[in-house]
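Visitor: Would you be able to build a 3D model of this:
(2 chains)
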Amino acid sequence: SQQGEEDPQALSIQEGENATMNCSYKTSINNLQWYRQNSGRGLVHLILIRSNEREKHSGRLRVTLDTSKKSSSLLITASRAADTASYFCATDGPSGGYQKVTFGTGTKLQVIP
Amino acid sequence: KAGVTQTPRYLIKTRGQQVTLSCSPISGHRSVSWYQQTPGQGLQFLFEYFSETQRNKGNFPGRFSGRQFSNSRSEMNVSTLELGDSALYLCASSPGQVYGYTFGSGTRLTVV
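Guide: Here you go, the predicted model:
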């Protein structure tokens, strides 16, 4: 079963624009992560945000976490054609102890040159 | 630093057969997790091993099993293959819970 659900399922933007993807989850968590997957390949870890953090940056990526709403967003600024991929959020939960990491359904992003 | 290595990359098997997939994690990573990815179900957690012990298990039938060796390499086995087992099987390693996973390129299994 999926813990997280991304929204939108698919997103198409022009190069240079910003892309925002959202993730909602069901139970309390220790950490939330975002991953990128190029077609048919392994996932690449982008960023991890802990449950006591509200915002984190890494290059052109900005992640926010709202534990009261059980939601997170990933913002990619100044998108490039190479950002075309599927993006997944992953959560471990419920919080407390070690929990398995489950992935959301993913957002398919297309950046048009 | 070598990444996570999964072998083989592609596999075609017949219904009823069994298959063993291999994963070599990044050196020093003691946690290895396995996921099944299909277009319909997305990424489904299979199991996670840490220091040769299965620490977590997903909701898969007993036909799916795994193990981890003392050098942290891991194998997963699927017996009595069904058509629905066709999927991309991904292995991921991690040094610990507060770190992200490093994924291998996966093994694409086709059951005919």
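Visitor: so who does the residue nearest the centre of chain B touch?
Guide: Residue closest to the mean C-alpha point of chain B, counted by CA atoms, centre = their mean, is residue B:34 at 3.4 Å. For residue B:34, the contact set (CB atoms under 8 Å, 6 or more residues apart in numbering or on different chains) comprises B:23, B:45-48, B:66, B:74, B:76, B:89-92. Where you see a C-beta, it was placed from the backbone N, CA and C, and this is true even at glycine.
Visitor: do residue B:4 as well
Guide: Contacts of residue B:4 (CB under 8 Å, 6+ apart): A:42, B:23-26, B:91-93, B:102-104.
Visitor: Ok, residue B:41 next?
Guide: For residue B:41, counting by CB under 8 Å, 6+ apart, there are no contacting residues.
Visitor: what do you get for residue B:14?
Guide: Here residue B:14 is in contact with B:81, B:111-112 (CB under 8 Å, 6+ apart).
Visitor: Could you pull up phi and psi at it?
Guide: Dihedral pair for residue B:14: phi -100, psi 150, per degrees, to the nearest 10.
Visitor: That one and residue B:80, how far apart?
Guide: Per CB to CB, to the nearest Å, residue B:14 is found 11 Å from residue B:80.
Visitor: all strands for the chain, in order.
Guide: In the absence of a named chain, this looks at chain A. A:4-7, A:10-14, A:19-25, A:31-37, A:43-50, A:55-58, A:61-66, A:71-76, A:85-92, A:101-103, A:107-112 (DSSP state E).
Visitor: actually it's chain B I care about, not the one you picked
Guide: B:5-7, B:10-13, B:19-24, B:31-38, B:42-50, B:53-57, B:64-68, B:74-78, B:87-94, B:102-103, B:107-111.
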